[in-house]
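Got a sequence here, can you model it:
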Amino acid sequence: MMHILAISNRKGGTGKTTVSVNLAAALAQQGLRVLLIDMDSQGHCAVGLGLTPTQGMPTVHDLFTNADVQLGTAIVPTALPTLWLAPSDPRFDHGSGVRDDTKLRRAIADEALENRFDLIVIDTPPSMDALLMNALLAATRVLVPYVPHPLSFDGLRQLVRALFPIMTKQNRTLKLLGFLPTMLAEHIRQHRDTSGKVVNEFGAERGLPGIRNDIKLAEAFGVGQPICLYAPHCRGAEDFEALAQKVRALLGGG
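Residues are numbered from 1 along each chain as shown. Take a look at the predicted model:
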């Protein structure tokens, strides 16, 4: 079974796109055929992979503005041989287009993308709108990055409450993969305490290995490369490699 992993948190600034790009790249480096879908109209996944969508180039958002467009026309290769990207349209208005919460799910199924890829990773927008609903209704698993701060803990509780009706009524194949602390500094007591609260609240099995604070992650975005290519021996690259191994194990991929 091909899994579809949504990277989601309604709060901005949690490192969603950094996680989406670098986790997808790490999984690709470990031998999986990975498609990264950028549902966030900021378009930062393309930036992180050194791609510049040109005007008129197909994007994933064309699904919601043109009934004749297929998702496959928006898929482009990246510098990693087993990683592809379906880029977003920075000009897309989140309030525009056809309101169809299952459009992405049907596109993935109708185009039999499970025959082309081992895993799909979706970078989601932070707002609870039709694009986020499309991602969550298409996904089989959701990974939640968070900054280990007390306010983040309350936000995670709210997010889980919002996810519950989706997982129990609208998409029963959707499961919570886990919570991922980002920008982690373990010497800071507040970070340790917040991560501990998350584990106590949601269970140790939901706690994922964290991504430590590393300036090279920002530098990598600046030059348009995933961290595994830009600085493969830095702690950010090590953390994403470990996270990819954990995600594969949780998804049943070894």
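
Counting neighbours, what do you get for residue 201?
Neighbour count of residue 201, defined by other Cβ atoms under 10 Å: 13. Where you see a C-beta, it was placed from the backbone N, CA and C, and this is true even at glycine.

if I read this right, it contacts residue 157, doesn't it?
Yes. If you go by Cβ atoms under 8 Å, residue 201 and residue 157 touch, sitting 7.4 Å apart.

SS state for the closest residue to residue 10 other than its chain neighbours?
Nearest residue to residue 10, sequence neighbours excluded (Cβ to Cβ, 6 or more residues apart in numbering): residue 126, at 5.5 Å. Under DSSP: H, G, I helix; E, B strand; the rest coil, the three-state class of residue 126 is coil.

and if you look at the one 5 residues further on?
Using three-state DSSP, the secondary structure recorded for residue 131 is helix.

Please apply the same query to residue 172.
Quick answer, by three-state DSSP: residue 172 is coil.

Could you check how far it is from residue 165?
According to Cβ to Cβ, to the nearest Å, residue 172 and residue 165 sit 11 Å apart.

Now do the strands in this protein.
In the chain, the strands defined using DSSP state E lie at 3-7, 34-38, 76-77, 83-86, 119-123, 141-146, 175-181.

and those strands as a markdown table, adding mean neighbour count?
What follows is these, written out as a markdown table (neighbours: other Cβ atoms under 10 Å):
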| stretch | mean neighbour count |
| --- | --- |
| strand 3-7 | 26 |
| strand 34-38 | 28 |
| strand 76-77 | 14 |
| strand 83-86 | 25 |
| strand 119-123 | 27 |
| strand 141-146 | 24 |
| strand 175-181 | 22 |
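
from what I can see residue 120 touches residue 32, true?
No. Using Cβ under 8 Å, residue 120 makes no contact with residue 32, being 10.5 Å away.

And the contacts of stretch 20-27?
Residues from elsewhere that reach stretch 20-27 (Cβ atoms under 8 Å, 6 or more residues apart in numbering): 7, 34, 36, 38, 44-45, 48-49, 80, 83, 119, 121-123, 143, 217, 220-221, 226-229, 236-237, 240-241, 243-244, 247-248.

before we move on, what about stretch 107-121?
Around stretch 107-121, the neighbours that count as contacts under Cβ under 8 Å, 6+ apart are 1-5, 7, 20, 23-24, 27, 32-37, 63, 70-72, 84, 138, 251, 253.
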